[in-house]
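>>> need a structure here:
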Amino acid sequence: MSEFVKVATVDEIPLNGSKLVEIEEERVAIFNLDGEFYAIADVCTHDGGPLVEGKVVNGCQVQCPRHGARFDIRTGAALSFPAFEATETYAVRIDGDEVWVESPI
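Purely as a prediction, here's the structure:
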């Protein structure tokens with residue numbers, strides 16, 4: 001059974017914004033897409049760029065600020081060159097106003 005960790009409150013992650021958190025020394029990017037919360041590893045699989053610093057495009061994609069690779073925030077899928085490998089995703093639970101994320105470890 002997965003362990004969940006409280007990482008933020010809902011109001012700390014603005015609508016269509018993001019927040020960087022660390023869980024067990026792993027960087028995780030939390031995104032609020034139209035009120036739905038998603039968590040992905042904060043790492044571009046092309047060269048390790050910080051996805052939380054990327055621009056959200058097409059409603060559900062994040063574009064790496066280094067070389068422009070795009071990832072589906074909902075699934076972690078790599079959508080464009082130069083990345084070919086998906087980034088990790090983690091389950092998110094909302095309990096009241098608290099945001100809980102599945103521990104990556």
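>>> Could you check how far the nearest residue to residue 46 once chain neighbours are set aside is from residue 93?
In this structure, residue 46 finds its nearest non-sequential neighbour in residue 83, 4.2 Å apart by C-beta to C-beta, 6 or more residues apart in numbering. The way it works is simple: take the backbone N, C-alpha and C, and place the C-beta from them, glycine included. Separation of residue 83 from residue 93 (C-beta to C-beta, to the nearest Å) stands at 28 Å.
>>> who's more crowded, the two?
Neighbour totals were compared for residue 83 and residue 93, and residue 83 leads with 21 against 12 (other C-beta atoms under 10 Å).
>>> Work out for me the element that one sits within.
Under the criterion DSSP states H and E, no helix or strand holds residue 83.
>>> give the contact list for the closest residue to residue 8 other than its chain neighbours.
Spatial nearest neighbour of residue 8, excluding adjacent residues (C-beta to C-beta, 6+ apart): residue 99 at 4.5 Å. The contact partners of residue 99, taken as C-beta atoms under 8 Å, 6 or more residues apart in numbering, are 6-10, 12-13, 30, 37, 92-93.
>>> Lovely, talk soon.
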